[in-house]
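Q: One predicted model, sequence on top.
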Amino acid sequence: MSIPNYCDVKYWNKRYREQSKTTFDWLEDFGSLKDYLLPLVSSESKVLIPGCGNSQLGELLYQKGTEKVFNVDFSESVIEIMSQAHRDKLRMKWEVMDVQSLSYPSEYFDLVLDKSTLDTLLCEVKPSAELALAQYFRVLRKGGKCLIVSFNEPETMLPLISQQTRTFTVTQTGSEAFPNYIYCLQKEAE
Ligand SMILES: C[S@@+](CC[C@H](N)C(=O)[O-])C[C@H]1O[C@@H](n2cnc3c(N)ncnc32)[C@H](O)[C@@H]1O
């Protein structure tokens, strides 16, 4: 069986059309992340979820009172499906966008929450992951946090992260056999 091309939008559009009635969370879900996530947000926080897919993270954050959630994905299919499903949540946004060239102003967000989107970019070429992370830091306010949930080990992630900040923590989650990592990065003042 061949490995799908995770960097090909056609793969994701097809997958999301087939899953149009369901949700799916890669690696971790809101339940397993909430203790890390909720202390980082307030009701006024602006949160960016790059490569949101059909995860429930945005919706559950919204239900907990953080309503300014900006979901972006390069799959027009998933953005259409999710924006329809959540059309009642007026402060939550859904936009088709490539995470390597975000159209938001600099220093706009309080938190960027990447769950396995950088993993996808790292499947192909490291420069795309570097570009995406640089974009996350551009749109993050000074002192803001970027939470990356990833199966990639510190050996792979730390060289990438250290291009953006020296202020970060790493927490291992998941199982012994299939560990995940939560990288919590802070944008430094200068
Ligand atoms: C592994 S899935 C993770 C989905 C979701 N974040 C989750 O945790 O369940 C990767 C997601 O990134 C999106 N994606 C991949 N490359 C992208 C890019 N260059 N720009 C925007 N989205 C991208 C895919 O469409 C897919 O929804």
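A: Good, I have the coordinates.
Q: Would you map the helices across this structure?
A: Secondary structure of the chain (DSSP state H): helices at 9-18, 30-37, 57-63, 76-85, 117-124, 126-139, 154-161.
Q: lowest-confidence helix or strand of the chain?
A: helix 117-124 (a mean of 92; mean pLDDT, DSSP states H and E).
Q: What is the neighbour count of the closest residue in space to residue 98 that isn't next to it in sequence?
A: Spatial nearest neighbour of residue 98, chain neighbours left out: residue 74 (5.0 Å); criterion: CB to CB, 6 or more residues apart in numbering. From N, CA and C alone the C-beta is placed, and that goes for glycine too. Using other CB atoms under 10 Å, residue 74 has 18 other residues around it.
Q: pretty sure residue 74 is touching residue 101, no?
A: No: contact criterion CB atoms under 8 Å: residue 74 and residue 101 do not qualify, at 10.2 Å.
Q: which residues does the residue positioned nearest the centre of the chain contact?
A: The centre of the chain sits closest to residue 114, judged by CA atoms, centre = their mean, with a distance of 2.1 Å. By CB atoms under 8 Å, 6 or more residues apart in numbering, residue 114 lies in contact with 49-51, 132, 136, 146-150.
Q: list the buried ones in the least confident helix or strand of the chain?
A: Of all the residues in helix 117-124, those buried under the rule 16 or more other CB atoms under 10 Å are 117-122.
Q: Looking at the residues you listed, spot the one nearest residue 186.
A: Among those, residue 118 lies closest to residue 186 (CB to CB), at 17.0 Å.
Q: quick one: that closest one and residue 185, what's the gap?
A: 11 Å (CB to CB, to the nearest Å).
Q: One more: residue 74?
A: In terms of CB to CB, residue 74 sits 23 Å off from residue 185.
Q: which bits of the protein sit near the ligand?
A: Within the chain, the positions adjacent to the ligand are 7, 12, 25-26, 51-53, 55, 73-75, 78, 98-100, 115-117, 120-121 by CB under 6 Å from any ligand atom.
Q: Kindly write the ChimeraX command that selects the buried subset of those residues.
A: To isolate the buried members of the residues of the chain next to the ligand in ChimeraX, using 16+ other CB under 10 Å:
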select :12,25,26,51,52,53,55,73,74,75,78,98,99,100,115,116,117,120,121
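Q: Since that was my last question, I'll sign off now.
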